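> quick one, structure for this:
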Amino acid sequence: MKKLVSILMVLVLVLSMAACGKKDDNKAGSSKVKAGFICLHDENSTYDKNFIDAAKQACEEMGIEAVFKTNVPEGQECLEAAEELVDDGCNFIFADSFGHEDYMIEAAKEFPEVQFCHATGTQAHTAGLDNFHNAFASIYEGRYLAGIVAGLKLNEMIENGEITADQAKVGYVGAFTYAEVVSGYTSFFLGIRSVCPSATMEVTFTGSWYDETAEKEGANKLIENGCVLISQHADSMGAPTACETAGVPNVSYNGSTDSACPNTFLVSSRIDWAPYFKYAMGCVESGSPIDTDWTGTLQSGSVVLSYYGNSVAEGTEEAVEAAKADLESGKIHVFDTATFTVDGKKLDSYQADVDSDAAYTPDHEVIVDGYFDESGKDFRSAPYFDLNIDGITLLDTAF
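A predicted model of the protein is given here:
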């Protein structure tokens, strides 16, 4: 009897060790997928850090080995990085910057057995490649919600006598005059206007996605011009730190700046890329096709707001949650043509450059059911909103 018990105990121990070994194999990366990620900058850039964090999370949860190439310029270096990742055994390769796209397409043609995915790109739906894909998210909805946070702060400042209604001027530091940036600051402004109708906005551009000096100078210029709240679509801490020094409320992008700017941080919107990475890498794992253009949403968890800073106005969280529910249900649309004008006129029709070309030729009607259908499901995922609406003044358009 004792001998039988001993044998059973040994069997239990062997089975337990086998099960533990299986779990360890998964953690080590027993998946069919090996993922490569190409980033324009490194974790010092809020933009790239957002991708890197999401990639690490998704790969860890899926038991996938990840290889990162950081500080890869938007040039031939991107193609070389992709080739190195293929040589390293990667069968899923993702690049995070707009200017990487042409080189990712070259790599996709060179390595048809590898799946290449790219954020913010415009060419996948016309490239005709089964192994090249674009992805983005409806971040304009996140920007709109962040705008509500900003608008309520302006209202509080007006009510407290800090500013008058006609002094509710917002500043915005943008990188380039690309549609992605235009869509971002316009949706932010429309969110502000939904609760603070007297607000206006000034926008300045730096000509770089990451230039801390230029971004700080841009924010300071806006503050000197009388802007009482600042936001940005640029990737350094330049604008937030300028706001903290000047005591001006700030809405950041791609991550909370609360630890560095505790007195002025209000909220941040960002794209959470983990849902897309899990989806696309899951497709590679199962051998299923990846969508040519994929657009994440509030519902998919791809568009998120950070926690709120200490100085947000009373009632902010409730107002944002109500607006979020209305966006998700389709009750409201960010670019509702009833909420803005262009040169004093309401838009009934607009042709946008969806099938992107060098001349930015308008080719698709994008006013659908009374709203501008940004990143619509029948169009491309990357933004194409490029209108200059009334209430927003551009201080320069050199970039």
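
> what's the pLDDT at the residue lying closest to V368 once chain neighbours are set aside?
Nearest non-adjacent residue to V368, counting by Cβ to Cβ, 6 or more residues apart in numbering: G376, 6.9 Å away. All C-beta spots, glycine's among them, are computed from the backbone N, C-alpha and C. At G376, the model reports a pLDDT of 91.

> hang on, G376 packs against E365?
No. Contact between G376 and E365 fails when scored by Cβ atoms under 8 Å: they sit 10.7 Å apart.

> higher neighbour count, those two?
Each of G376 and E365 has its neighbours counted (other Cβ atoms under 10 Å); G376 has more, 18 against 12.

> wasn't that one part of a strand?
No. Assessed with DSSP: H, G, I helix; E, B strand; the rest coil, G376 is coil; it does not lie in a strand.

> might one say that H41 is in contact with F51?
No. Counting by Cβ under 8 Å, H41 stays clear of F51, with 10.0 Å between them.

> the two: which is more packed in?
More crowded of H41 and F51, by other Cβ under 10 Å: F51, with 27 against 22.

> quick check, the more buried one in a helix?
Yes. Assessed with three-state DSSP, F51 lies in a helix.

> residue contacts, it?
37, 39, 96, 119, 273 (Cβ atoms under 8 Å, 6 or more residues apart in numbering).

> do Y253 as well
Contacts of Y253 were listed using Cβ under 8 Å, 6+ apart, and they are 46, 184, 231-234, 268-270.

> return the item of the residues you listed having minimum pLDDT.
The pLDDT minimum for the contacts of Y253 sits at A234, where the score is 87.

> number of residues surrounding that residue?
29.

> if I look at it, how far off is K216?
Note on A234: its distance to K216, by Cβ to Cβ, to the nearest Å, is 10 Å.

> out of the contacts of Y253, which are inside helices?
When the contacts of Y253 are checked against helices (DSSP state H), the matches are 46, 184.

> without its sequence neighbours, what residue ends up closest to the most centrally placed residue in the chain?
Centroid-nearest residue in the chain: I271, 3.7 Å away (criterion: Cα atoms, centre = their mean). Spatial nearest neighbour of I271, chain neighbours left out: A137 (4.4 Å); criterion: Cβ to Cβ, 6+ apart.

> can you pull out the helices in the stretch 1-150 of the chain?
2-28, 46-62, 76-87, 101-110, 124-127, 139-159 (DSSP state H, counting those that start in this stretch).

> and the contacts of F51 as CSV, adding distance to V170 and pLDDT?
Formatted as CSV, the contacts of F51 follow (distance: Cβ to Cβ, whole Å; pLDDT from 0 to 100):
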residue, distance to V170, pLDDT
F37, 34, 98
C39, 30, 98
D96, 28, 98
A119, 27, 98
W273, 28, 98
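
> run a quick check on T337 versus D373, I expect a contact.
No. Look at T337 against D373 with Cβ under 8 Å: they stay out of range, at 10.8 Å.

> and for those two, which residues touch both?
Listed as contacting both T337 and D373 by Cβ under 8 Å, 6+ apart are I367.

> related to what we said a few turns ago, adding distance to K331 and neighbour count, write the contacts of F51 out as JSON lines.
JSON lines is the format used below for the contacts of F51 (distance: Cβ to Cβ, whole Å; neighbours: other Cβ atoms under 10 Å):
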{"residue": "F37", "distance to K331": "37", "neighbour count": "28"}
{"residue": "C39", "distance to K331": "37", "neighbour count": "24"}
{"residue": "D96", "distance to K331": "33", "neighbour count": "24"}
{"residue": "A119", "distance to K331": "29", "neighbour count": "22"}
{"residue": "W273", "distance to K331": "27", "neighbour count": "25"}
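
> pLDDT score for A19?
pLDDT recorded at A19 is 38.

> what do you get for S356?
Listed pLDDT for S356 reads 82.

> let me see the contact set for the closest residue to A274 other than its chain neighbours.
Using Cβ to Cβ, 6+ apart and skipping residues adjacent in sequence, the residue nearest A274 is A54, 4.3 Å away. Neighbouring residues of A54 by Cβ under 8 Å, 6+ apart: 272-274, 277.
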